[in-house]
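Colleague: My questions concern the predicted model and sequence given below.
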Amino acid sequence: MQTTLVAPVGFRGVGLHSGRLMRLRVNPAPADHGIAFLRTDMREAGLVPARWTFAEPAQLCTRIANRAGASVSTIEHLMAALAGCGIHNALIEIDGPEVPILDGSARPFVEAFLARGLSRQDAPLSALRILSPITVQDGDALARLEPAPRLEIDFSIEFENRVIGRQAMTLDMANGAFVRELADSRTFCRHEDVERMHAMGMALGGSLRNAVVFDEDRVLSPGGLRHRDEPVRHKMLDALGDLSLAGMPILGRYVGLRAGHALTGRLLRTVFATPSAWEVVTLTQAQAHDLPGAGVGLEDLALSA
């Protein structure tokens, strides 16, 4: 069965890259609506569906846009929270071009959604089942989707920074694993990258309160890391958010090696351009039970601490 929120949930905060104050409200939506954004500052531009067909190139984030010129960027943490809580239908009203960064993770979204409550809808749920492997590469970065009975994420990163170094993690995403293992992991950057991003007009709203900042062998952010391998966990969080642009849950195994938003987006486009590699299936009760948001509750979030 499909799922939406019981009632609207509001958020307020700055955009990571724009530095602008944004107000956002996630509203319940009817069955088969999917996830879509509405720019309340330009209502005449209509909806921007959170689908891969509306994604467009962006640096260091995921952005969607419609033909009327309405765009919304940095949607990945919110999209991951929706997917990780098993929310299939929502109308997201936002008064600017970027989702608030909040604490740099998906946890504030997840906490608010689970506290407000979810409503099951009397409608069947479809999923994208991967039938054969599809791989895309860009230099030494790789992203792949391959057959698996339910969603798994296998991610590896490697940085010269000694605190980050090489990190790898594999996670079966069923039954609240996202909420327990990934939701509180924050976006991260190296201190030497901050000035470069500022010069590019990016990360203007970034601070030590909404990102993990590394400086050689030190973590500058107060309180240090939430997990020893928080960077790779955050990359997995991003991957779930980007994969949710498929418009339905995925039954398959995602492998990411130094992959980012652009490469995962390219992977989705390649998958959908290869009809023999996938099929849409109506989920059985047993299959739906293994989805990331199945049976998730606030107690799962408590276990992430």
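Modeller: That came through, no problem.

Colleague: Could you list which residues are in contact with A277?
Modeller: Contact analysis of A277 by Cβ atoms under 8 Å, 6 or more residues apart in numbering lists I130, L131, S132, P133, I134, V271. No exception for glycine: its C-beta is placed from N, CA and C like everyone else's.

Colleague: quick check, nearest of the residues you listed to R39?
Modeller: R39 has its nearest neighbour among the contacts of A277 in V271, at 28.5 Å by Cβ to Cβ.

Colleague: wait, what's in contact with the closest one?
Modeller: Residues in contact with V271 (Cβ under 8 Å, 6+ apart) are L128, I130, I134, L145, A246, A277, W278.

Colleague: For it, which non-adjacent residue is spatially closest?
Modeller: Spatially, and ignoring its direct neighbours in sequence, V271 is nearest to I134 (5.0 Å; Cβ to Cβ, 6 or more residues apart in numbering).

Colleague: Ramachandran coordinates for that neighbour?
Modeller: phi -130, psi 130 (degrees, to the nearest 10).

Colleague: Hmm, T274 and it touching each other?
Modeller: Yes: shown here, I134 and T274 form a contact pair, counting by Cβ atoms under 8 Å, at 6.0 Å.

Colleague: Looking at these two, which is more packed in?
Modeller: Each of I134 and T274 has its neighbours counted (other Cβ atoms under 10 Å); I134 has more, 20 against 12.

Colleague: so what pLDDT did that one get?
Modeller: Model confidence at I134, given as pLDDT, is 98.

Colleague: Same question for P100.
Modeller: 97.

Colleague: Report the separation between it and M248.
Modeller: 26 Å (Cβ to Cβ, to the nearest Å).

Colleague: Who has more neighbours out of the two?
Modeller: P100 (24 against 17).

Colleague: Excluding chain neighbours, what is closest to that one?
Modeller: In space, P100 is closest to G13, 3.2 Å off (Cβ to Cβ, 6+ apart).

Colleague: ok now stretch 278-287, how far from the chain's centre?
Modeller: Stretch 278-287 sits 22 Å away from the centroid of its parent chain (Cα atoms, centre = their mean, to the nearest Å).

Colleague: C-alpha coordinates for that stretch, CSV please?
Modeller: Presented in CSV, the C-alpha positions along stretch 278-287 are these (Å, rounded to 0.1, in the frame of the first residue of the first chain):
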residue,chain,number,x,y,z
TRP,A,278,14.2,-3.3,-15.7
GLU,A,279,10.5,-3.9,-15.2
VAL,A,280,7.8,-2.3,-13.1
VAL,A,281,6.1,-4.8,-10.7
THR,A,282,3.2,-4.4,-8.3
LEU,A,283,4.6,-5.3,-4.9
THR,A,284,3.3,-8.2,-2.9
GLN,A,285,2.8,-7.7,0.9
ALA,A,286,6.0,-9.6,1.5
GLN,A,287,8.0,-7.5,-0.9
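
Colleague: what sits against the nearest residue to D172 once chain neighbours are set aside?
Modeller: The shortest distance from D172 to any non-neighbouring residue, by Cβ to Cβ, 6+ apart, is to E152 (5.3 Å). Counting by Cβ under 8 Å, 6+ apart, E152 touches T170, L171, D172, M173, G252, R253, Y254.

Colleague: To which secondary structure element is the residue nearest to the spatial centre of the chain assigned?
Modeller: In the chain, the residue lying closest to the centroid (Cα atoms, centre = their mean) is G241, at 2.0 Å. Element membership for G241 (DSSP states H and E) is helix 230-243.

Colleague: Put the alpha carbons of that helix into PDB.
Modeller: The C-alpha coordinates for helix 230-243 follow below in PDB (Å, rounded to 0.1, in the frame of the first residue of the first chain):
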ATOM      1  CA  GLU A 230      30.100   9.400   8.900                       C
ATOM      2  CA  PRO A 231      31.300  10.500   5.500                       C
ATOM      3  CA  VAL A 232      30.500   7.300   3.700                       C
ATOM      4  CA  ARG A 233      27.200   7.000   5.500                       C
ATOM      5  CA  HIS A 234      26.300  10.400   4.200                       C
ATOM      6  CA  LYS A 235      27.200   9.400   0.700                       C
ATOM      7  CA  MET A 236      24.800   6.500   1.100                       C
ATOM      8  CA  LEU A 237      22.100   8.900   2.300                       C
ATOM      9  CA  ASP A 238      22.700  11.000  -0.800                       C
ATOM     10  CA  ALA A 239      22.500   7.900  -3.000                       C
ATOM     11  CA  LEU A 240      19.100   6.900  -1.500                       C
ATOM     12  CA  GLY A 241      17.800  10.400  -2.100                       C
ATOM     13  CA  ASP A 242      19.000  10.500  -5.700                       C
ATOM     14  CA  LEU A 243      17.700   7.000  -6.400                       C
END
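
Colleague: Show me what Y254 is bridged to.
Modeller: L145, I153 (DSSP bridges).

Colleague: on that earlier part again, what's the separation between the residue nearest to V271 and V219?
Modeller: 36 Å.

Colleague: Fine by me, thanks again.
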